[in-house]
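Undergrad: this is a predicted model, with the sequence first.
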Amino acid sequence: GRGPAVIVCAAANPSVDRLFEVDRLDAGSVHRHGTFAQVAGGKGLNVARAASSLGAEVQVVTILAGHAGRWLEEELEREGIPVQAVWVDGESRSSLSVADRSRHDLTEFYERGVEVDPETWGRFASAASVLSYAATWLTVSGSVPPAAPADGYRALAPACALALDTVAPRPDGAELVKLNAAEAAEATGVSTATAAGAAAAARQLGGEGAGCVTRGAEGAVLSLPDGSALHGALDAHGPYPVASGDSFLAGLVCARAAGAGWDDALRLALGAGA
């Protein structure tokens, strides 16, 4: 009797993400940008926007503050994504990426997130858990904000499948754990420089569930609960790498929520990430 699949995206540390594109980035100079974009970002909101673009029914639970927080809420609602916000004092952070056309690279500046006390964190974790009762998946992405309990994600008690993309201490029993190659190597102590190493790290990350290690342009390795592994890559990419891993996670979860097998989920994830 449950309705359409719902994906709840927990975004504990959201950001107003801004991108400037310049012909060349020169330190100490004034720059006139040619292209400017501003979106509701941070890893959790990136997942939500990507999942919504892929056609999923998405809900966001997040922590917001100040004028920037109101802008984030309004931007998500403009995109048709319902938001349940826990409000705190201060100002939600902003992040700036400067794209250099001549070098084809990004220079990035990330603000520190707004401080969150344990009582506020408890309200956030409780809201995420309550929303999970009407959901198929709960995604948890990124770091815990400053002053929140370092192991705060362990307070989550979802009633649905759980997908994690964080190096913070994680709750046990997740159906999916995804990290990029550098994060996975640090978390497991296994070198992810080769596909075989990435597969070993993915197995360790997944435990009894599925584990995934993304390797940038070299694709991804997905370790399945039965011990087998899938490897995939695409000879295609967008102009900037920002949020590609978050879009990849959205692809995996959207496909699984729709009843797809892991092989088709990996295909959609690779396409979304690219």
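TA: Here it is on my side, so go on.
Undergrad: now stretch 223-230: buried residues?
TA: Applying a neighbour-count criterion of 16 or more other Cβ atoms under 10 Å, one finds 223-224, 229-230 buried in stretch 223-230. Yep, even glycine has a C-beta here, placed from its N, CA and C like the rest.
Undergrad: show me where the stretch 51-200 of the chain has strands.
TA: 57-64, 83-87, 93-100, 105-110, 137-141, 161-165, 176-180 (DSSP state E, counting those that start in this stretch).
Undergrad: out of those strands, deepest packed?
TA: strand 137-141 (a mean of 26; mean count of other Cβ atoms under 10 Å).
Undergrad: so which residues make contact with stretch 19-35?
TA: 36-38, 96-103, 107, 240, 242 (Cβ atoms under 8 Å, 6 or more residues apart in numbering).
Undergrad: try it again with 10 Å
TA: Outside stretch 19-35, the residues that touch it by Cβ atoms under 10 Å, 6 or more residues apart in numbering are 36-39, 41, 95-103, 105-108, 239-240, 242.
Undergrad: local confidence estimate at Arg101?
TA: We have a pLDDT of 85 for Arg101.
Undergrad: start and end of stretch 104-118, how far apart?
TA: Counting by Cα to Cα, to the nearest Å, you get 42 Å between the two ends of stretch 104-118.
Undergrad: repeat that for stretch 205-216.
TA: First-to-last residue span, stretch 205-216, Cα to Cα: 18 Å.
Undergrad: next: stretch 250-264.
TA: 13 Å.
Undergrad: what about that stretch, average pLDDT?
TA: 97.
Undergrad: show me which positions of it end up buried.
TA: Result for stretch 250-264 [16+ other Cβ under 10 Å]: buried residues 250-258, 262.
Undergrad: what's around Thr72, how many residues?
TA: One correction, residue 72 is Leu, not Thr. 28 (other Cβ atoms under 10 Å).
Undergrad: partners of the lowest-mean-pLDDT helix or strand in the chain, with directions?
TA: Least confident helix or strand of the chain, by mean pLDDT, DSSP states H and E, is strand 105-110 with a mean of 89. Partners of strand 105-110 in the sheet, by DSSP bridges, are strand 93-100 (antiparallel).
Undergrad: quick one: the partner strand to chain centroid distance?
TA: Here strand 93-100 is found 17 Å from its chain centre; the criterion is Cα atoms, centre = their mean, to the nearest Å.
Undergrad: cool, and stretch 51-66?
TA: Counting by Cα atoms, centre = their mean, stretch 51-66 comes out at 11 Å from the chain centroid.
Undergrad: and if you look at stretch 114-121?
TA: That offset, for stretch 114-121, works out to 20 Å (Cα atoms, centre = their mean).
Undergrad: what of stretch 258-274?
TA: 16 Å.
Undergrad: ok, now which ones touch the closest residue to Arg123 other than its chain neighbours?
TA: Excluding the flanking residues, the one nearest Arg123 by Cβ to Cβ, 6 or more residues apart in numbering is Val86, at 5.0 Å. By Cβ under 10 Å, 6+ apart, the residues touching Val86 are 12, 61-65, 116, 120-128.
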